[in-house]
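[1] have a look at this prediction, sequence included:
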Amino acid sequence: MGLAEKRKIKELQDTTIPEREGELLEITGAPIRYDIDWEGFANDAAGLNFLDNLSCHRLNMALRVICSDALGKEAVAEGLKVVKLKNVATPEERKLIFGGGTLEMHCAYALGTNGYHNDNEIREVLMKGL
């Protein structure tokens, strides 16, 4: 892992992810934490640059729709505890799975919008599992 990747990971760990977890608390009324497979980004500075926008921001957008009323907030508070993010190499390896309180998002971050799940897909997967 190069210096650029280490610096970006530190920024994400120290600033971006805690801010995003705070936003999740504001949106849902429940503490939801991120669990990120940092090793999957070991040599992927480009992917690290897209992580926030392609996963955290998209999840926030999906949850704003779901949590637009008290019933939605209650369902999310009871059903979603952890968001696991994993970097994969190709769009074919992407996954979006929700169960047991965990949302897993596997994205090809370095490919930008060619390797992510949009907020409508995220919302649909969450709604089916809540």
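    Good, I have the coordinates.

[2] now stretch 69-83: mean pLDDT?
    Across stretch 69-83, pLDDT averages out at 97.

[3] buried stuff in it?
    Neighbour counts using 16 or more other C-beta atoms under 10 Å place 72-73, 75-76, 79-81, 83 of stretch 69-83 among the buried residues. The C-beta positions use only the backbone N, C-alpha and C, and glycine is treated the same way.

[4] the chain: strands as residue ranges?
    33-36, 82-87, 95-99, 102-107 (DSSP state E).

[5] report all helices and strands that the shortest one contacts.
    Spelled out, that is strand 33-36. For strand 33-36, the contact count by 3 or more C-beta pairs under 8 Å, 6 or more residues apart in numbering; DSSP states H and E identifies helix 17-28, strand 82-87 as packing neighbours.

[6] that one pairs with which strands, and in what direction?
    strand 82-87 (parallel) (DSSP bridges).

[7] residues making contact with the strand it pairs with?
    Outside strand 82-87, the residues that touch it by C-beta atoms under 8 Å, 6 or more residues apart in numbering are 32-37, 40-41, 44, 47, 51, 55, 59, 101-110.

[8] for K95, give its distance to R58.
    15 Å (C-beta to C-beta, to the nearest Å).

[9] okay, those two: which has more neighbours?
    The residue with more neighbours, out of K95 and R58, is R58; 21 against 11, by other C-beta atoms under 10 Å.

[10] redo the helices and strands packed on strand 33-36 as JSON lines? Include distance to R123.
    Below are those laid out as JSON lines (distance: least, C-beta to C-beta, whole Å):
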{"stretch": "helix 17-28", "distance to R123": "13"}
{"stretch": "strand 82-87", "distance to R123": "14"}
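
[11] among those, which is nearest M127?
    Across the helices and strands packed on strand 33-36, the minimum distance to M127, taken as C-beta to C-beta, is reached by helix 17-28, at 13.9 Å.

[12] mind giving me the packing neighbours of the closest one?
    strand 33-36, helix 58-66, helix 70-79.

[13] alright, that wraps it up for me.
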